[in-house]
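Visitor: sequence? don't have it. structure:
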């Protein structure tokens with residue numbers, strides 16, 4: 001089974017606070033493990049944020065899929081904020097493989113977030129996801145699969 005890493009990049013325009021989408025690439029991999037290694041070059045799979053470093057000059061949005069179909073990337077302004085965020089369109093596949101981050105340490109504060117890593121229509125891809133992510137599970141990070149409900153029921 002082939003896996004595709006979709007990567008959108010938005011760079012900050014000189015002299016402004018605005019960003020512009022400058023790059024969209026799709027890389028093909030023979031296994032989920034290799035796609036995950038490429039994903040981890042820019043994104044964390046532990047911690048309370050996803051993009052490595054601070055997104056002051058460059059914003060990155062990534063997702064692994066089992067289809068080569070392009071996913072639309074968009075920039076939007078965060079509510080009650082002056083900052084822009086970069087996101088890929090919501091997933092349309094049956095399975096959504098996610099990472100959940102939950103920090104409950106009273107010294108650090110309560111932090112909870114969910115990050116989408118893989119979207120697919122194949123159960124085998126979900127099995128590969130769970131197998132590879134087992135080594136990254138700890139008290140703060142867990143991995144799970146959401147199954148899209150059929151709207152025709």
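Guide: Okay, I see it. Remember, it's a predicted structure, so these values are computed and weren't measured experimentally.
Visitor: so residue 124 sits in a helix?
Guide: Yes. Assessed with DSSP: H, G, I helix; E, B strand; the rest coil, residue 124 lies in a helix.
Visitor: where's the residue nearest to residue 137 when sequence neighbours are not counted, which helix or strand?
Guide: Leaving aside its chain neighbours, residue 137 sits nearest to residue 143 (6.4 Å; criterion: Cβ to Cβ, 6 or more residues apart in numbering). Bear in mind the C-beta positions are built from the backbone N, C-alpha and C, glycine included. Assigned by DSSP states H and E, residue 143 falls within strand 141-147.
Visitor: what's that strand in contact with?
Guide: With Cβ atoms under 8 Å, 6 or more residues apart in numbering as the test, strand 141-147 has contacts from 45-46, 94-102, 126, 129-130, 133-134, 136-137.
Visitor: mind redoing it with 7 Å?
Guide: Strand 141-147 has contacts (Cβ atoms under 7 Å, 6 or more residues apart in numbering) with 46, 94-101, 126, 130, 133, 137.
Visitor: strands - which of these land there?
Guide: Members of the contacts of strand 141-147 lying in strands (criterion: DSSP state E): 95-101.
Visitor: which of these are buried? Put it as a PyMOL command.
Guide: A single PyMOL command selects the buried members of the ones in strands among the contacts of strand 141-147 (16 or more other Cβ atoms under 10 Å):
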select buried, resi 95+96+97+98+99+101
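Visitor: nearest to residue 17 among the ones in strands among the contacts of strand 141-147?
Guide: Taking Cβ to Cβ as the measure, residue 17 lies nearest residue 101 of the ones in strands among the contacts of strand 141-147, at 27.4 Å.
Visitor: wait, the closest one touches residue 137, no?
Guide: No. In this structure residue 101 lies outside contact range of residue 137 using Cβ atoms under 7 Å: 11.5 Å.
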